[in-house]
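Chemist: Would you be able to build a 3D model of this:
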Amino acid sequence: MAKVVVLGAGTGGMPAAYEIKEALGTDHEVLMVNERENFCFVPSNPWIAVGWRAPEAITLPIEKYLSKKHIGFVCARVDQINAKQNQLITHDNQIIDYDYLVIATGPKLAFENIKGAGPQGFTQSVCTLDHALTCQADVEKLKKNPGPVIVGAFQGASCFGPAYEYAFILDKALRDAKIRHKVPMHYVTSEPYIGHLGLGGVGDSKSMLESELRHRNIKWICNANVDEVQQGKMLISELNRKGELDLSHQLDFSHAMLIPPFSGVDAVKNVEGLCNPKGFVITDEHQRSPTFPNIFSGGVCVAIPPVEVTPVPTGTPKTGYMIESMMTAIAHNLKAIIIDNQPPHSKGTWNAICLADMGDTGAAFVAIPQIPPRNVTWFKQGKWVHYAKVAFEKYFLRKMKTGTSEPIYEKYVLKALGIERLEPEDKE
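Modeler: Residues are numbered from 1 along each chain as shown. All right, here's what the predicted structure looks like:
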């Protein structure tokens, strides 16, 4: 009997555990290890931050639903991975042995890279549920005492969609509260231009997102390197195309939410030979570590090179469809190795599909493949995207409750966008 441990119960790890158990059957053990006892649907955090969702609407008890599929669960923080001895060591010195390890930890939020950044400093975040709730409390203060707002993404960030979402959602929430006219807004981003998204742009994303920002009276600064955040004040260097200082800005704010740069979590980053310098797991085309053949990884914690060099560093996002396909590939490859005694053969896709809510409308984009040049480049907006994202939240949470291995993106998102299922060779 083989024992497969999945480390991390996020939007990648939870589906992975279900798919791996279904692929391996009852003769093999699947164990989930996660620091918290509840699963949280992170894409809904911007709604939490403005009070449009309650935490219980987007969270589920992990053990309750995994146990129905005969998947074990350990609620513990892993402080060390002993890859040579196939062991995880938890914060309370519990030793967890494994035959195969699937790393799905997501990222460490590297607020420390920018002085004064993060909830421990002077800016808010929507990257975790706790952060979103803290952000919500700050939004309530803003409503009582309106003032300037800054939204965006710090240098080194690799996830830009939630920043745009939050800017537009907050704009709508302030209009609903009848105080938007008292709240000047700036969008500050490390992207070289609006709509770059860490992807070199997708279709008309530049002109469409610029138009939305203008329509909502949100000013912007691109190529922004945030030098320091102080109480109510942000010091920003705007660089030119050569990476040289072009303009210096000092923006006052009453509320600020910026996406931080990501790095690998310490327990993963500290394994010699497993990661790149930032702590992201290096994998081959089958999501397997070249150094440790019994370790697989997928999701945000995987190393992917930037799409292009930009004046201010920007990373490449790992969108939901990509993550889903990585985890499916891992499940198939573990079955090939453990049951079929065959080498791994399945590959995740590098295609990007994203639904972004904008409060009273929305934007959807498809980039196939994610890195240009592309076979498909598609960007649309409309209120239908808002409803599609609400529906997607419902479908994903249902999948987490039922433990089905149905491909959410192919079954629902591609269908909603009017795109046929991708050809198998795109996923191989």
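Chemist: Could you give the bridge partners of residue 32?
Modeler: Judged by DSSP bridges, the bridge partners of residue 32 are residue 6, residue 73.
Chemist: is it true that it touches residue 70?
Modeler: No - using C-beta atoms under 8 Å, residue 32 is not in contact with residue 70, being 11.7 Å away. In short, each C-beta sits where N, CA and C put it, glycine included.
Chemist: Comparing these two, which residue is more hemmed in?
Modeler: Neighbours were counted for residue 32 and for residue 70 using other C-beta atoms under 10 Å; residue 32 has more, 28 against 12.
Chemist: The more buried one: what's it in contact with?
Modeler: 5-6, 9, 13-14, 17, 62, 66, 71-74 (C-beta atoms under 8 Å, 6 or more residues apart in numbering).
Chemist: again, but for residue 263
Modeler: Counted by C-beta under 8 Å, 6+ apart, residue 263 has contacts 107-108, 110, 269, 278-280.
Chemist: farthest-separated two in those residues?
Modeler: Distance extremes for those: the farthest pair is 110 and 280 at 11.8 Å, using C-beta to C-beta.
Chemist: Of the two, which one has the most company?
Modeler: Legend: neighbour count by other C-beta under 10 Å for residue 110 and residue 280, higher for residue 280 (24 against 19).
Chemist: At which residues are the helices of this structure located?
Modeler: For the chain, the helices defined by DSSP state H occupy 13-24, 45-49, 55-58, 62-67, 129-144, 161-176, 205-215, 266-269, 320-338, 383-402, 408, 414-416, 424-427.
Chemist: Could you provide these in JSON lines, with additional columns for mean neighbour count, mean pLDDT and distance to residue 372?
Modeler: Below are these laid out as JSON lines (neighbours: other C-beta atoms under 10 Å; pLDDT from 0 to 100; distance: least, C-beta to C-beta, whole Å):
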{"stretch": "helix 13-24", "mean neighbour count": "25", "mean pLDDT": "97", "distance to residue 372": "28"}
{"stretch": "helix 45-49", "mean neighbour count": "26", "mean pLDDT": "97", "distance to residue 372": "28"}
{"stretch": "helix 55-58", "mean neighbour count": "15", "mean pLDDT": "97", "distance to residue 372": "34"}
{"stretch": "helix 62-67", "mean neighbour count": "18", "mean pLDDT": "98", "distance to residue 372": "38"}
{"stretch": "helix 129-144", "mean neighbour count": "17", "mean pLDDT": "98", "distance to residue 372": "32"}
{"stretch": "helix 161-176", "mean neighbour count": "23", "mean pLDDT": "97", "distance to residue 372": "18"}
{"stretch": "helix 205-215", "mean neighbour count": "17", "mean pLDDT": "95", "distance to residue 372": "13"}
{"stretch": "helix 266-269", "mean neighbour count": "19", "mean pLDDT": "97", "distance to residue 372": "30"}
{"stretch": "helix 320-338", "mean neighbour count": "24", "mean pLDDT": "95", "distance to residue 372": "16"}
{"stretch": "helix 383-402", "mean neighbour count": "17", "mean pLDDT": "90", "distance to residue 372": "23"}
{"stretch": "helix 408", "mean neighbour count": "19", "mean pLDDT": "75", "distance to residue 372": "26"}
{"stretch": "helix 414-416", "mean neighbour count": "16", "mean pLDDT": "64", "distance to residue 372": "21"}
{"stretch": "helix 424-427", "mean neighbour count": "12", "mean pLDDT": "37", "distance to residue 372": "16"}
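Chemist: do you know which of these lies nearest residue 253?
Modeler: Short answer: helix 129-144, nearest of the helices of the chain by C-beta to C-beta, at 9.8 Å.
Chemist: okay, the angle between the closest one and helix 161-176?
Modeler: Angle, helix 129-144 to helix 161-176, by axes from the mean of the first three to the mean of the last three C-alpha atoms, to 10 degrees: 30 degrees.
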